[in-house]
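> Okay, here's the prediction I keep looking at, along with the sequence it came from:
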Amino acid sequence: MEYEDEENSRLEMKNQIKQMVRQVFELELAGHRDARDLYKEELAGMLIRTDDGSFTLFSEERNNEEESLHSKYGAFSESYEKFANPSKLKEKSKSKFDIRVLDICSGIGYNASAIVDLLKDDAIELEIDMVESSIETLAATLFIPDLNEAHTYIKKYVESYLIEKGYLQYNKVLSNIPSNLHINIHIVDARDFIKNLSKDVTYDAVFLDPFSPDKSPELYSVDFFKQLHNHLESDGLILTYSAASAVRSAFVHAGLDIGEGPEFHRSGGTVASKDVNMIDKPLSFDDVKMIALSDVGIPYIDPDLSDNYDNIINRRQEKREKARFNYLFPSSSKLPLYLGVNPEEISDENLRNKLNSYVQQMGFTSLNDPRILAILDIDKTLSSKDQILSLHEQLSNILGL
Ligand SMILES: C[S@@+](CC[C@H](N)C(=O)[O-])C[C@H]1O[C@@H](n2cnc3c(N)ncnc32)[C@H](O)[C@@H]1O
């Protein structure tokens with residue numbers, strides 16, 4: 001059996017766990033009926049129990065850090081709170097019969113299990129495209145203790161896929177998949193999946209669940225989000241746990257309205273839609289200023305959806321360096337939050353001097369220079385997207401760019 005080159009630039013589950021899964025594949029294909037049972041305990045030793053009793057796994061290292069696939073506060077609770085519930089599909093299923101979900105970075109299938117569980121009693125046809133780059137991570141699903149009935153349906157789909165593709169050969173998962181549930185598994189880089197997706201396919205919800213943006217930037221670029229935009233229903237929602245300025249600005253540059261995602265231990269996350277009425281909670285004006293006026297709001301770019309990690313990271317870094325003090329304020333010391341403030345009100349003298357020197361390097365007299373006040377003078381009843389675009393335009397006009 002051929003496996004993907006481990007030097008690919010995507011961040012995935014630990015190689016040590018991948019190796020174990022491959023050994024299970026080999027043994028089962030060699031005719032060992034109990035191969036999965038043989039490795040059950042060893043694999044269980046790699047699982048991390050999160051606060052709600054559900055499990056997660058760790059990634060390989062990137063920048064000397066490993067990242068868990070889910071929140072330590074509760075892997076499955078996070079799937080419910082950050083993806084299934086805020087997708088608004090429970091309400092939508094009352095008026096729409098065919099519901100389609102794109103589950104990007106499907107991992108061990110918790111997000112898919114959460115939405116199936118949420119909609120299990122509804123009279124709908126539910127179709128989910130699960131997209132995951134690592135076949136071993138998909139297969140690890142079979143070793144995760146059952147959460148609920150919905151989770152066993154996902155496991156059954158995973159097992160059938162692995163048998164169909166020749167990785168396993170025995171039917172061992174006991175589950176009766178309901179006839180109104182349709183799951184398509186795609187083992188591929190999510191960028192290739194979306195590039196090759198037929199134009200007429202649209203989704204009611206997109207679960208965007210890669211590792212964090214500085215570790216998996218390829219799935220947070222403007223270019224990737226433009227593709228998601230093309231495949232989103234007019235009232236569809238994209239959900240991510242990331243609240244990073246670069247991610248939010250990428251949504252705006254892709255033409256999407258944005259708002260705060262629901263709180264779950266980690267920061268609130270972000271929701272995006274083509275329809276501003278689908279957004280319940282706009283961003284705070286502080287967040288809007290950070291995104292629109294400082295270098296931290298420069299998004300990731302991946303023009304052909306095929307660049308490697310280093311190129312995507314370095315391209316943004318170079319842009320930030322060029323922009324800082326030239327056409328954008330620096331994000332250092334959270335400068336954008338102090339724009340318009342009377343410097344006398346900043347009691348910390350060091351901070352006051354630092355912030356004033358930053359704006360002076362850009363040709364302003366102080367933090368409350370009348371031209372800064374003019375930049376900030378936008379219509380606050382606008383949507384978060386339009387506030388970001390207006391502020392950005394005002395800054396460019398004042399700087400004569
Ligand atoms: C944070 S985990 C997702 C957890 C998952 N949503 C769940 O419910 O279990 C991120 C996953 O993204 C996958 N991944 C990383 N880069 C990818 C890419 N470019 N395309 C598709 N999947 C990717 C990793 O293999 C990993 O399983």
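Noted; the coordinates are in hand.
> so who does Val116 touch?
If a contact means CB atoms under 8 Å, 6 or more residues apart in numbering, then Val116 has Leu126, Ile128, Ala150, Tyr153, Ile154, Leu181 as its contacts. C-betas here are computed from N, CA, C, even on glycine.
> Count the residues that sit near Gln143.
That one is not Gln; residue 143 is Phe. A count of nearby residues for Phe143, using other CB atoms under 10 Å, gives 23.
> got it, and Ser95?
By other CB under 10 Å, neighbour count at Ser95 equals 6.
> if I look at it, how far off is the ligand?
27 Å (CB to the nearest ligand atom, to the nearest Å).
> picking that back up, spatially, which two of the contacts of Val116 are the most separated?
Leu126 and Ile154 (12.1 Å; CB to CB).
> And those two? Which one has more around it.
Using other CB under 10 Å, the more surrounded residue of Leu126 and Ile154 is Ile154, with 30 against 22.
> Which secondary structure element is home to the more buried one?
Element membership for Ile154, per DSSP states H and E: helix 149-164.
> Arg36 is in contact with Phe143, correct?
Yes - contact criterion CB atoms under 8 Å: Phe143 and Arg36 qualify, at 7.4 Å.
> Which residues of the chain lie near the ligand?
10-13, 69, 79, 105-111, 131-134, 137, 189-190, 209-211, 216, 218-219 (CB under 6 Å from any ligand atom).
> are any of the residues you listed buried, and which?
For these, a burial check counting by 16 or more other CB atoms under 10 Å picks out 10-13, 69, 79, 105-111, 131-134, 137, 189-190, 209-211, 216, 218-219.
> Ramachandran coordinates for the residue of the chain found nearest the ligand?
Nearest residue of the chain to the ligand, counting by CB to the nearest ligand atom: Gly107, 2.7 Å away. Backbone torsions for Gly107, taken as degrees, to the nearest 10, come to phi 50, psi -120.
> Settle this for me: it is touching Asp209, isn't it.
Yes - the pair Gly107 and Asp209 qualifies as a contact (CB under 8 Å) at a distance of 7.1 Å.
> So what are the structural domains in the chain, by residue number?
75-282, 286-398 (automatic domain parsing).
> Tell me which of those is the most buried.
Sort the domains of the chain by mean neighbour count, taking mean count of other CB atoms under 10 Å, and domain 75-282 sits at the top with a mean of 20.
> First-to-last residue distance for that one?
Taking CA to CA, to the nearest Å, the first and last residues of domain 75-282 lie 26 Å apart.
> quick one: that domain to chain centroid distance?
On the basis of CA atoms, centre = their mean, to the nearest Å, domain 75-282 sits 10 Å off its chain's mean C-alpha point.
> before we move on, what about stretch 307-326?
Averaging C-alpha positions (CA atoms, centre = their mean) puts stretch 307-326 20 Å from its chain's average.
> For Ala205, which non-adjacent residue is closest in space?
Ser87 (3.9 Å; CB to CB, 6 or more residues apart in numbering).
> got a list of what the one you found touches?
Counting by CB under 8 Å, 6+ apart, Ser87 has contacts Val101, Ile115, Asp204, Ala205, Phe207, Leu237, Leu239.
> Equivalent analysis for Leu382, please.
Counting by CB under 8 Å, 6+ apart, Leu382 touches Ser390.
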